[in-house]
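A.B. asks: Sharing a sequence plus its predicted fold:
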Amino acid sequence: MLKKNVGTVDKILRIVIGLALLAGALAGYGAWMWIGLIPLFTGLIGTCPLYTVFGLRTCPLESK
């Protein structure tokens, strides 16, 4: 299972941007807007594979 590396504000922005892009795709503004699935999905699951590759995280560290 992937570790969470997306913080709350980042999640909200990803979900809003993803939904906006998908709305544009459904409205016929271009097939490229289906790219909104990526930020929507990463926002919903709280993990970004690119953040993992680059060692980034926007969420607080988990305490043990």
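C.D. replies: Alright, I've got the coordinates.

A.B. asks: Run through the residues that contact the nearest residue to residue 4 once chain neighbours are set aside.
C.D. replies: Taking C-beta to C-beta, 6 or more residues apart in numbering as the measure, residue 4 lies nearest to residue 46, with 4.4 Å between them; neighbours along the chain are not counted. Heads up, the C-betas are built off the backbone N, CA and C, glycines and all. By C-beta atoms under 8 Å, 6 or more residues apart in numbering, the residues touching residue 46 are 4, 5, 6, 11, 59.

A.B. asks: Which pair in those residues has the greatest spatial separation?
C.D. replies: Checking these against each other with C-beta to C-beta, the farthest-apart pair comes out as 5 and 11, at 10.8 Å.

A.B. asks: Counting by contacts, list what the biggest helix by length in the chain packs against.
C.D. replies: Here the longest helix in the chain is taken by residue count, with DSSP state H as the criterion, and it is helix 8-26. Counting by 3 or more C-beta pairs under 8 Å, 6 or more residues apart in numbering; DSSP states H and E, the packing neighbours recorded for helix 8-26 are helix 37-45.

A.B. asks: What's the first helix or strand after the helix it packs on?
C.D. replies: Using DSSP states H and E, the next helix or strand after helix 37-45 towards the C-terminus is helix 49-54.
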